[in-house]
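A.B. asks: From the sequence below, what's the structure:
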Amino acid sequence: MKLKQTFKALTAVAALTGASLTFAADIDMNADANDLAIQGYDTVAYFTEGKPTQGDAKFTATYKNAIYQFSSAANRDLFRENPEKYAPQYGGYCAMGVALEKKLDTDPTAWHIADNKLYLNLNHAVQKKWLTDVPGYIDTAEANWPEIRTTAAAELNAE
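C.D. replies: Next up is the predicted model:
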């Protein structure tokens, strides 16, 4: 009987330990169900190549528990040296959405670099609006981000 209780206790501890090791992107990061950031696009390539470039699963790095993919080992290494420089603003959520106090997904091909920072948008139509006043929308998003960054996207977007 004691052996059975001990086994149950060990099983419970193992389950809890396994659960604590589960990898999940931080709440302020926009990642898919597999914790992949920006749909696998190479965040460094926006800066070095000036265009969206699909990453490769061979070249990865993690930042805030999200997995980033890169088109080359060199880009991966640049990211590892300074992830804050290359990671998209607002955890990869739509910059216009953050200005509107929402956490919206993004289209990695709807992007803009301002002041050496990468901003992504929901889609090209939203990006067109974003581009009408980038400095103003950035100011608004910067004011909103501290308030919404730790709130789940589903909770914010339900309002």
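
A.B. asks: And the helices in the protein, which stretches?
C.D. replies: Assigned by DSSP state H, the chain shows helices spanning 2-20, 45-48, 73-81, 83-86, 95-99, 124-130, 134-148, 153-158.

A.B. asks: weakest of those helices by average pLDDT?
C.D. replies: Lowest mean pLDDT of these: helix 2-20, a mean of 40.

A.B. asks: Need the winner for burial among the helices of the chain.
C.D. replies: helix 95-99 (a mean of 26; mean count of other CB atoms under 10 Å). For every residue, glycine as well, the C-beta is placed using N, CA and C.

A.B. asks: Kindly report the domain assignment for this structure.
C.D. replies: What automatic domain parsing lists as the domains of the chain is 23-87, 88-151.

A.B. asks: Please convert the helices of the chain to TSV, extending it with distance to residue 61.
C.D. replies: Output for the helices of the chain, formatted as TSV (distance: least, CB to CB, whole Å):
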stretch	distance to residue 61
helix 2-20	23
helix 45-48	14
helix 73-81	5
helix 83-86	7
helix 95-99	22
helix 124-130	26
helix 134-148	23
helix 153-158	23
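
A.B. asks: Looking at those helices, which is nearest to residue 67?
C.D. replies: Closest approach to residue 67 among those is made by helix 73-81 (11.3 Å; CB to CB).

A.B. asks: Against which helices or strands is that closest one packed?
C.D. replies: helix 45-48, strand 56-63, strand 66-70 (3 or more CB pairs under 8 Å, 6 or more residues apart in numbering; DSSP states H and E).

A.B. asks: For the shortest one, which helices and strands make contact with it?
C.D. replies: For helix 45-48, the elements it packs on are helix 73-81, strand 107-114, judged by 3+ CB pairs under 8 Å, 6+ apart.

A.B. asks: switch the cut-off to 6 Å
C.D. replies: For helix 45-48, not one helix or strand is in contact under the criterion 3 or more CB pairs under 6 Å, 6 or more residues apart in numbering; DSSP states H and E.

A.B. asks: which residues sit against that helix?
C.D. replies: With contact meaning CB atoms under 6 Å, 6 or more residues apart in numbering, helix 45-48 is reached by 53, 71, 111, 118.

A.B. asks: Dump it to CSV, keeping only the CA atoms.
C.D. replies: Output of helix 45-48 as CSV, limited to C-alpha atoms (Å, rounded to 0.1, in the frame of the first residue of the first chain):
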residue,chain,number,x,y,z
ALA,A,45,16.9,40.2,-42.8
TYR,A,46,14.6,43.2,-42.6
PHE,A,47,17.6,45.2,-41.5
THR,A,48,20.4,43.5,-43.6
